[in-house]
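Turn this into a model:
(chains A and B)
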Amino acid sequence: MIDIRVLRDNPDLVRASQRARGDDEGLVDQILAADEARRSSLGEFEALRSKQKSVSKNVGAVMGRLAKAKKTGDGDLTAMEADAETARTEASTLGARVKELEQAADDQGATFERLLRKVGNVILDGVPSGGEDDFTVLEHVGEPTTFDFEPLDHLALGEKLGAIDMERGAKVGGARFYFLTGVGARLELAMLNMAVAQAVEYGFTPMITPTLVKPEIMDGTGYLDAHEDVYHLPTDDLYLVGTSEVALAGYHKDEIIDLTAGPRRYAGWSTCYRREAGSHGKDTRGIIRVHQFQKVEMFVYCKPEDAVDEHQRLLGWEREMLAKMELPYRIIDTAAGDLGGSAARKFDCEAWVPTQERYRELTSTSNCTTYQARRLGTRYRTESGKTDTVATLNGTLATTRWIVAILENHQQADGSVRVPKALQPFLGLEVLEPLA
RNA sequence: GGAGGCGUCGCCUAGUCUGGUUUAUGGCGCCCGCCUGCUAAGCGGGUUUGGGGCUAAAACCCCAUCGAGGGUUCAAAUCCCUCCGCCUCCGCCA
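Numbers count the residues shown, from 1 in each chain, chains lettered A, B, ... in the order given. Presented below is the predicted three-dimensional model:
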């Protein structure tokens, strides 16, 4: 949710952002009107409530005097009874009106919030306008891998190595499920362990997180807006997370956290679940696009003014991981329309996949500024002692999909796969050899 | 799954039975000031959060907030209902 003050003070900024995203600009004026309506309605209600309270309080005072008089036998009991009754009636009349005004104020407030929540995060300077294909390429790192033999794709390699079993995955879980077997399982664990080791080295707190979350947590992160891609368990009204970002964003919900020692950095390890609705027929081969995978994810809470720098740091840590895996890749600045509601800017690192002859996303780092945190009520104490909403950011350190790039880029003519140097200590192997 | 207990403004805690004169008590912690050669002690004051109004910004005023949401009532921390969480015991299972 964006800050209503930003929208009030600088509606043009929000209009421009909406335009870049290809979203409705008219929402801005609707919200301004709803904000006006809500505030005046609230003022009316509160004024009358205040009056009703004071009248009602007077009843209490009269009742107190009456009780005392009854004890001592002094004073005009009948007159006092009458006073109390008059006040009671007046308060009762006011009470009915107050109830109406309260309902009206609640309705206006709900309308306002519903509209405000429709607005995506205000994009940052430099984010390209447009949709999925309108990204800017920021940098190429390394050269696309070339071979003096016909390279195999990751699934062919995975089967040769006894690393990936899609057929049995489909038997057990259906399409887009798989088993990682033998060196495949070891490879994934080694990679994720390496990611955690790097995170720890840079001061992150490793976290193993819930993968089922309550609706308000899923909603707070903004993922419920794209709910068709989220698994839901109706019996328990719980959602399966698509990333540990969800749980880590919920971790400090409704808290005022201490940021005086710097950003809070967490590295979440979790299984991730995605329905992949709307991608039927896309990436049906292998483990590029699956319903369930594992990921180590960085998640940061920091002061809003530090978010842009922190975003660069997250990108840097992703680059370090990709370098250790010895993969060629490019970095893109995702276009506004492809950001998702919560992000104000998103950088993806896409690794070269030789058999597809194109770059595929391996990491994604988003600066959500205060958008998620405002919904989740996560704040910090400023120098002046006030509370203010924190900024949240996230970025990928490793996922199951990386196996695709590792196998394909490091394959050798005999069907074996060279293990990147940095990964060797975690895997305990220098080469993955095909099964006999 | 069954029975019982509990949830109060950072932490602890009074208040709940018996609704009202309560701006929700007191202590600890923290902040500011006084005192002090320094520190401690002592003394005085402040210290939930969100929203609205007035402001250049404050001060200030108002509304809400006693786990959450409803209800009863002129009036709810207090009475009623639903839900959530924690604890104890029993049962079942790993």
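
Walk me through the domains of chain A.
A:4-118, A:136-432 (automatic domain parsing).

Just put the ones you listed in JSON lines and tack on mean neighbour count, distance to A:Leu124 and mean pLDDT.
C-betas here are computed from N, CA, C, even on glycine. Listed next are the domains of chain A as JSON lines, based on neighbours: other Cβ atoms under 10 Å; distance: least, Cβ to Cβ, whole Å; pLDDT from 0 to 100:
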{"stretch": "domain A:4-118", "mean neighbour count": "15", "distance to A:Leu124": "9", "mean pLDDT": "86"}
{"stretch": "domain A:136-432", "mean neighbour count": "19", "distance to A:Leu124": "5", "mean pLDDT": "94"}
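
Dump these to a markdown table, plus distance to A:Gly126.
Formatted as a markdown table, the domains of chain A follow (distance: least, Cβ to Cβ, whole Å):
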| stretch | distance to A:Gly126 |
| --- | --- |
| domain A:4-118 | 11 |
| domain A:136-432 | 7 |
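
And those: which comes nearest A:Asp125?
Minimum separation from A:Asp125 across these (Cβ to Cβ) falls at domain A:136-432, 9.0 Å.

quick one: that closest one to chain centroid distance?
When distances are taken as Cα atoms, centre = their mean, to the nearest Å, domain A:136-432 is centred 13 Å away from the chain's centroid.

and it with RNA strand B, contact?
Yes. Using Cβ under 7 Å from any atom of the strand, we find that domain A:136-432 touches RNA strand B at A:256, A:379, A:387.

Torsion angles phi and psi at the first one?
Just to be clear, that refers to A:Ile256. Dihedral pair for A:Ile256: phi -110, psi 110, per degrees, to the nearest 10.

Convert the host helix or strand of A:Ala323 to PDB, retaining C-alpha atoms only.
Following DSSP states H and E, one finds A:Ala323 within helix A:307-324. Output of helix A:307-324 as PDB, limited to C-alpha atoms (Å, rounded to 0.1, in the frame of the first residue of the first chain):
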ATOM      1  CA  ALA A 307      16.700   1.100   0.400                       C
ATOM      2  CA  VAL A 308      18.300   2.100  -2.900                       C
ATOM      3  CA  ASP A 309      21.800   1.400  -1.700                       C
ATOM      4  CA  GLU A 310      20.700  -1.900   0.000                       C
ATOM      5  CA  HIS A 311      19.100  -2.900  -3.300                       C
ATOM      6  CA  GLN A 312      22.500  -2.600  -5.000                       C
ATOM      7  CA  ARG A 313      24.100  -4.600  -2.200                       C
ATOM      8  CA  LEU A 314      21.600  -7.400  -2.700                       C
ATOM      9  CA  LEU A 315      22.300  -7.400  -6.400                       C
ATOM     10  CA  GLY A 316      26.000  -7.600  -5.600                       C
ATOM     11  CA  TRP A 317      25.500 -10.700  -3.400                       C
ATOM     12  CA  GLU A 318      23.600 -12.300  -6.200                       C
ATOM     13  CA  ARG A 319      26.400 -11.500  -8.600                       C
ATOM     14  CA  GLU A 320      28.900 -13.000  -6.200                       C
ATOM     15  CA  MET A 321      26.900 -16.300  -6.100                       C
ATOM     16  CA  LEU A 322      26.600 -16.400  -9.900                       C
ATOM     17  CA  ALA A 323      30.300 -15.700 -10.300                       C
ATOM     18  CA  LYS A 324      31.100 -18.600  -7.900                       C
END
